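**Student:** Here's a sequence, model it:
(2 chains)
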Amino acid sequence: GAVVSQHPSWVICKSGTSVKIECRSLDFQATTMFWYRQFPKQSLMLMATSNEGSKATYEQGVEKDKFLINHASLTLSTLTVTSAHPEDSSFYICSANRGRKGYGYTFGSGTRLTVV
Amino acid sequence: KNQVEQSPQSLIILEGKNCTLQCNYTVSPFSNLRWYKQDTGRGPVSLTIMTFSENTKSNGRYTATLDADTKQSSLHITASQLSDSASYICVVSAEQAGTALIFGKGTTLSVSS
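**Tutor:** From the prediction side, this is the model:
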């Protein structure tokens, strides 16, 4: 079945530094990947849609200069949290869709980011 | 407005008991509905997915139902186990550009011994 690998699973960084999170589709090609943010006891909130070979589409209220998304290949999308602050601490999850009409969404295992 | 509402918000049951989680949605045009299990600190894992024409779908001890007329779905868990303790999320896909997913807030299930 479809497997999406996310790395790292957790990361601690200092305020002001940047952190890169990788999302890979291991056994299928994904022209579109999605990045979510999840706060404790809350549901997933879509941050942006990552499009292979073109610019990402950001949801309203998400700073594109702070959350840089690169989708350089059909199997890899990266999310870089730039100049991280403690309020950026959260659980970040990616997903990829290998089927049409949203039938085959698979989520990564998530990345716990803690900014100190 | 496309929305997915789940109930109850949280649930505590004894190991071995059955339980049913509810999901009501107002998503249009409807494409499919899926139930995910999310363990703490992990990404969601798909349990079932149903399209408009499907009324029920089983995955082991998990059975999901869908009533497209009333726009309701349920997830029934039989003979619960401690490992079933998790958040269960109902997600509805809208058949539109971008295949948007609309997430419910989830039901937190705690199974105790």
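**Student:** Scan the helices and strands of chain A for the one with the lowest mean pLDDT.
**Tutor:** Sorting the helices and strands of chain A by mean pLDDT, DSSP states H and E puts strand A:105-107 at the bottom, at a mean of 88.
**Student:** Show me the contact partners of that strand.
**Tutor:** Residues from elsewhere that reach strand A:105-107, judged by Cβ atoms under 8 Å, 6 or more residues apart in numbering or on different chains: A:1-4, A:25, A:93-98, B:34, B:36, B:43-46, B:91, B:93, B:101. No exception for glycine: its C-beta is placed from N, CA and C like everyone else's.
**Student:** Need the buried ones from these selected in PyMOL.
**Tutor:** Selection of the buried residues among those in PyMOL, burial being defined by 16 or more other Cβ atoms under 10 Å in any protein chain shown:
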select buried, (chain A and resi 2+4+25+93+94+95+96+97+98) or (chain B and resi 34+36+43+44+46+91+93+101)
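**Student:** The helix or strand of chain B with the lowest mean pLDDT pairs with which strands, and in what direction?
**Tutor:** One helix or strand of chain B scores below all others by mean pLDDT, DSSP H and E: strand B:101-103, with a mean of 89. If you go by DSSP bridges, strand B:101-103 pairs up with strand B:86-94 (antiparallel).
**Student:** Extract the C-alpha trace of the partner strand and format it as PDB.
**Tutor:** Written as PDB, here are the backbone C-alpha positions of strand B:86-94 (Å, rounded to 0.1, in the frame of the first residue of the first chain):
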ATOM      1  CA  ALA B  86      -6.700   6.900  20.300                       C
ATOM      2  CA  SER B  87      -8.400   9.800  18.500                       C
ATOM      3  CA  TYR B  88     -10.800   8.800  15.700                       C
ATOM      4  CA  ILE B  89     -11.200  11.400  13.000                       C
ATOM      5  CA  CYS B  90     -13.900  11.500  10.400                       C
ATOM      6  CA  VAL B  91     -12.800  13.100   7.200                       C
ATOM      7  CA  VAL B  92     -15.000  14.000   4.200                       C
ATOM      8  CA  SER B  93     -13.600  14.700   0.800                       C
ATOM      9  CA  ALA B  94     -15.400  17.300  -1.300                       C
END
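**Student:** Excluding chain neighbours, what is closest to the one residue sitting closest to the centre of chain A?
**Tutor:** Nearest to the mean C-alpha position of chain A, by Cα atoms, centre = their mean, lies residue A:35 at 3.5 Å. Distances taken as Cβ to Cβ, 6 or more residues apart in numbering or on different chains put residue A:47 closest to residue A:35, at 4.7 Å, once the chain neighbours are dropped.
**Student:** From residue B:10, how far off is residue A:57?
**Tutor:** To residue B:10, residue A:57 is 34 Å away according to Cβ to Cβ, to the nearest Å.
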